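Peer 1: sequence first, then the predicted structure:
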Amino acid sequence: MQAPLPLNRKRFPWRGGNRFDLLVDGSHFFPAMLTAIKAARRYILLEMYLVESGMIASEFIDALTSAARRGAQVYVLLDDFGARGLLPSDRQRLLDAGVHLAFYNPLHYGKLRRNLWRDHRKLLLVDGVVAYTGGAGITDEFAPTEPLHWHDVMLAVRGPCVADWHTAFEQVWHLNQGNSRNPTPPLPLPPPAAGAAPGHSAGRVTLNEPIRMEIKRSLLKRLRGAERRIWIASAYFIPSWKIRRALYQAARQGCDVRLLLPGPHTDHPGVRHAGRRYYTKLLAAGVRIFEYQPRFLHAKILLCDTWVSIGSSNIDRWNFSWNLEANQEVEDHALAEQVAALFEADFTHSREFLAGEWRQRSWRRRLQERFWGFIELWLERLSQRRP
């Protein structure tokens, strides 16, 4: 498979008449997603990065295979690297039930740089009526029965934006398949008639591809125009110079700038150490930094005044350089305040670092930051030499 091509040169527009529901943690978003699958009558589209055999995956496989057997068309697109933990027996269960199963960019030994292109998006779309997007994967790490289950959010989308999510899925499906013998996902349902919209919120679907960083551009625009607050939650935080500069400037101009980042619980400690080397200048500029303590913070949430963006994209150069990403942007005061309340609750379970305290950190922490920062810069140079 070649390096990804542009998927959608025309940006999706802002669309009114949507309804967005914030679902926090697996105890809320997994039941909602499974209920939607069990109610499917026409089709199901599932695009996922992290999928691993276990209790949660079995529940989804049961629901998907049941839907396929009762006549719904089921299309499942998984990232080949992210789904390496999905057992062959589970893959066969899907195929035996008639599920259209595909894997994005299958890994090839000896082709290192080609293997770096990954589909990091998370999407479940049912019958053209509802879509779910966010940061979660289908693994037991998000299961509410796990004492240290990962802290994440998903957004339920109803309204005209659902058709844009369908288009986004269809583009990657065709890019990944590359020939006409593969089944085509069905067209989405037509938008609701005037006066029958499910909500009143404005939303826009934004996509990131390695050669078109729409999510990053949108974030920079909002950072530079924020008047009251910029609150960011990211599982991995290695910001570009442009993003750091925008954060510095906003904080110095009196904007309330806060970062909510993972604490001691993380699946990639090296990424955490690499990102921490930016703390000194951020704190000096007036940015407040919180590290979430109870569990692994895996959420990806951007809040600038009343603008919210939730999806798959972290604030790190790896996401922007190599991954397919997708976020749902929303302009809605009520959702913004709901997201702000979630931030406030998470801040109370976090450790805030002050500038003076951070300057006194141990030599061991400084050494870890330097080492993993070197690794991150090496990967950045590698990404800049992509075809």
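Peer 2: Arrived safely.

Peer 1: domain map for this protein?
Peer 2: The record's domain parsing of the chain by automatic domain parsing lists 15-199, 222-384.

Peer 1: next one: residue 237, what pLDDT does it get?
Peer 2: Note for residue 237: predicted pLDDT of 94.

Peer 1: for the closest residue to residue 347 other than its chain neighbours, which three-state class applies?
Peer 2: Nearest residue to residue 347, sequence neighbours excluded (C-beta to C-beta, 6 or more residues apart in numbering): residue 290, at 5.4 Å. Placement of C-beta: from N, CA and C, glycine included. Classification of residue 290 using DSSP: H, G, I helix; E, B strand; the rest coil returns strand.

Peer 1: hang on, the earlier thing: and of the domains of the chain, who's closest to residue 208?
Peer 2: Between residue 208 and these, the shortest gap by C-beta to C-beta is with domain 222-384, which sits at 3.7 Å.

Peer 1: confidence-wise, which helix or strand of this structure is lowest on average?
Peer 2: Least confident element among the helices and strands of the chain, by mean pLDDT, DSSP states H and E: helix 363-384 (a mean of 68).

Peer 1: residues contacting residue 258?
Peer 2: Residue 258 makes contact with 229-232, 287-290, 343, 347, according to C-beta atoms under 8 Å, 6 or more residues apart in numbering.

Peer 1: likewise residue 25?
Peer 2: With C-beta under 8 Å, 6+ apart, residue 25 has these contacts: 142, 144, 149, 151-153.

Peer 1: just residue 104 next, same as before
Peer 2: Contacts of residue 104 (C-beta under 8 Å, 6+ apart): 77-80, 118-119, 172, 176, 324.

Peer 1: count of neighbours near the nearest residue to it once chain neighbours are set aside?
Peer 2: Computed as C-beta to C-beta, 6+ apart, the closest residue to residue 104 that is not its neighbour in sequence is residue 119, at 4.0 Å. Other residues within reach of residue 119 by the criterion other C-beta atoms under 10 Å amount to 27.

Peer 1: residue 119 reaches residue 81, doesn't it?
Peer 2: No - assessed by C-beta atoms under 8 Å, residue 119 is found out of contact with residue 81, at 9.1 Å.

Peer 1: now do the shared contacts for those two.
Peer 2: Joint contacts of residue 119 and residue 81 (C-beta under 8 Å, 6+ apart) are residue 105.

Peer 1: pLDDT weak spots in the protein?
Peer 2: 1-10, 110-113, 178-182, 189-196, 210-211, 371-375, 377-387 (pLDDT under 70).

Peer 1: follow-up on the earlier one: mark which of the contacts of residue 258 are part of strands, please.
Peer 2: Residues of the contacts of residue 258 located in strands (DSSP state E): 229-232, 288-290.

Peer 1: can you tell me which of those lies nearest to residue 280?
Peer 2: Taking C-beta to C-beta as the measure, residue 289 is the one of those closest to residue 280, at 10.4 Å.

Peer 1: distance of the closest one from residue 237?
Peer 2: In this view, residue 289 and residue 237 are 9 Å apart by C-beta to C-beta, to the nearest Å.

Peer 1: list residues touching both of the two?
Peer 2: Counting by C-beta under 8 Å, 6+ apart, the shared contacts of residue 289 and residue 237 are 259, 261.

Peer 1: for the stretch 101-250 of the chain, which segments are assigned as strands?
Peer 2: 118-119, 123-126, 130-134, 153-158, 201-209, 212-213, 229-233, 237-238 (DSSP state E, counting those that start in this stretch).

Peer 1: where along the stretch 51-200 of the chain do the helices fall?
Peer 2: For the stretch 51-200 of the chain, applying DSSP state H, counting those that start in this stretch gives helices covering 55-69, 88-96, 112-115, 161-177.

Peer 1: neighbouring contacts of the last one?
Peer 2: By that I understand helix 161-177. Taking C-beta under 8 Å, 6+ apart as the rule, helix 161-177 contacts 1, 4-5, 7-8, 12, 15, 18, 45, 47, 75, 77, 102-105, 119, 121, 123, 125, 128-131, 133, 157, 182, 184-185, 187-188, 191, 203-205, 207, 324, 326, 328.

Peer 1: can you redo the domains of the chain as a markdown table with distance to residue 214?
Peer 2: Converted to a markdown table, the domains of the chain look like this (distance: least, C-beta to C-beta, whole Å):
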| stretch | distance to residue 214 |
| --- | --- |
| domain 15-199 | 11 |
| domain 222-384 | 9 |
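
Peer 1: mind checking which of those domains is nearest residue 213?
Peer 2: Closest approach to residue 213 among these is made by domain 222-384 (5.2 Å; C-beta to C-beta).

Peer 1: so how far is the closest one off the chain centroid?
Peer 2: Relative to its parent chain, domain 222-384 has a centroid offset of 14 Å by C-alpha atoms, centre = their mean, to the nearest Å.

Peer 1: same deal with stretch 27-38?
Peer 2: 18 Å.

Peer 1: may I have it as PDB, with CA atoms only?
Peer 2: The C-alpha coordinates for stretch 27-38 follow below in PDB (Å, rounded to 0.1, in the frame of the first residue of the first chain):
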ATOM      1  CA  SER A  27     -19.700   2.800  31.700                       C
ATOM      2  CA  HIS A  28     -21.600   5.300  29.500                       C
ATOM      3  CA  PHE A  29     -20.300   5.100  26.000                       C
ATOM      4  CA  PHE A  30     -20.100   1.300  25.600                       C
ATOM      5  CA  PRO A  31     -23.700   0.600  26.500                       C
ATOM      6  CA  ALA A  32     -24.900   3.400  24.200                       C
ATOM      7  CA  MET A  33     -22.800   2.100  21.300                       C
ATOM      8  CA  LEU A  34     -23.900  -1.500  21.800                       C
ATOM      9  CA  THR A  35     -27.600  -0.400  22.000                       C
ATOM     10  CA  ALA A  36     -27.200   1.400  18.700                       C
ATOM     11  CA  ILE A  37     -25.700  -1.700  17.000                       C
ATOM     12  CA  LYS A  38     -28.400  -3.900  18.400                       C
END
